[in-house]
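Asker: For reference, the sequence and a predicted model appear below.
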Amino acid sequence: MEFITYEQDGFVGIVTINRPKALNALNSQVLEEIEATFDAIDLENTRAVVLTGAGEKSFVAGADIGEMSTLTKAEGEAFGKKGNDVFRKIETFPIPVIAAINGFALGGGCEISMSCDIRICSDNAVFGQPEVGLGITPGFGGTQRLARLVGAGMAKQMIYSARNIKADEAYRIGLVNAVYTQEELLPQAKKLAATIAANAPIAVRNCKKAINDGLEVDMDAAIVIEEKLFGDCFETEDQKAGMGNFLEKDKEKKLKVVPFQNK
Ligand code: DAK
């Protein structure tokens, strides 16, 4: 891997996009390496992932404008598909992915953060979808995910105006869940990931699937999805131990991590 580093910290995986000379812009190779990195994550021993960018200035400054500038229509479509496939892989990854946004998150950078389950950022973060200023539309899901996250009105304002917003505004509109100092960001992301990893892993995975799949259908169908994933948790060791500890009033055991059980 030239542009991605991966670190395993207990049950938490940390994926860092490491192309700081280009502010971690996404070219084809970076996209391929992100995909290969997620494919290689050991899902038996990893319960949450943190995605961040190298350096103090940028999370991801977008798709690589140099590489895109000479694309034909067909090549542009293929590049878009490559990005969309990778982003969808992150969105549907079986375990939660937290974006720790440490600076610029523009265009494809904002879009990759939106394919993650949770976004937190540093106080120097800047978000935006500048594509219409470059003569294109957002092409990695920005028109779809931004509208779902912050509402159609705010998404349209950001996308049509191509105006960047700072961390505090991203927090105000619900694009990020929290803002930290630059020094605090990664420790806080790891802490949140470790908190998630301490919970029953099958239940956490099923929650992610229930929320994601349920948001794509009407409420009647969504409730059925929840019922199935709720039922799926029963008879697992996690469910037996979790409820057993509560009934035994064993607070010590209740706090212990239940080992991951395959179904
Ligand atoms: N691509 C390539 N290189 C980039 C880059 C980018 N997006 N952003 C920055 N760089 C490079 C710069 O060229 C510069 O390289 P050198 O000149 O040093 O070799 C280096 O990073 C440092 O950047 P600056 O010198 O510009 O740094 P500043 O602090 O002055 O400015 C900045 C930082 C983030 C404000 C500025 O770099 C900037 O405006 N960058 C571009 C941001 C941007 O517009 N991003 C959105 C890209 S468009 C689609 C598929 C995908 C997409 C669209 C359609 N379809 C299939 C339809 C996605 C589109 C996008 O993401």
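Answerer: Nice, thanks for sending it over. Numbers count the residues shown, from 1 in each chain.
Asker: all contacts plus neighbour counts: C-alpha atoms, from now on.
Answerer: OK.
Asker: List phi and psi for the residue found closest to V30 once you drop the neighbours it is linked to in the chain.
Answerer: In space, and not counting its chain neighbours, V30 is closest to F3: 6.0 Å by CA to CA, 6 or more residues apart in numbering. Backbone geometry at F3, expressed as degrees, to the nearest 10, gives phi -120, psi 0.
Asker: And the pLDDT at F3?
Answerer: F3 is assigned a predicted lDDT (pLDDT) of 98.
Asker: quick one, what contacts it?
Answerer: Going by CA atoms under 8 Å, 6 or more residues apart in numbering, F3 touches 17-19, 29-30, 33.
Asker: Now the buried members of those.
Answerer: Buried members of the contacts of F3, scored by 16 or more other CA atoms under 10 Å, are 17-19, 30, 33.
Asker: Relative to D213, how far out is I95?
Answerer: 14 Å (CA to CA, to the nearest Å).
Asker: And for G244?
Answerer: Distance from G244 to D213, by CA to CA: 30 Å.
Asker: how about the helices in the stretch 101-250 of the chain?
Answerer: Using DSSP state H, counting those that start in this stretch, the helices of the stretch 101-250 of the chain run over residues 108-114, 142-150, 152-161, 167-172, 182-197, 201-215, 219-232, 237-247.
Asker: quick one on the thing from earlier: who's more crowded, I95 and D213?
Answerer: More crowded of I95 and D213, by other CA atoms under 10 Å: I95, with 24 against 15.
Asker: Could I get the contacting residues of the more buried one?
Answerer: 47-49, 204-205, 208.
Asker: Highest neighbour count among these?
Answerer: V49 (30 neighbours).
Asker: beta partners of it?
Answerer: Bridge pairing for V49 (DSSP bridges) gives the partners G13, V97.
Asker: For it, list the residues it contacts.
Answerer: 12-15, 95-98, 193.
Asker: Closest to T236 out of these?
Answerer: I95 (17.5 Å; CA to CA).
Asker: part of a strand, is the closest one?
Answerer: No - if the criterion is DSSP: H, G, I helix; E, B strand; the rest coil, then I95 is coil and not within a strand.
Asker: L186 versus that one, what's the distance?
Answerer: I95 is 19 Å from L186, by CA to CA.
Asker: next one: A221
Answerer: 38 Å.
Asker: who's more crowded, those two?
Answerer: The neighbour count for A221 versus L186, taken as other CA under 10 Å, is higher for L186 (23 against 14).
Asker: Understood, closing this out.
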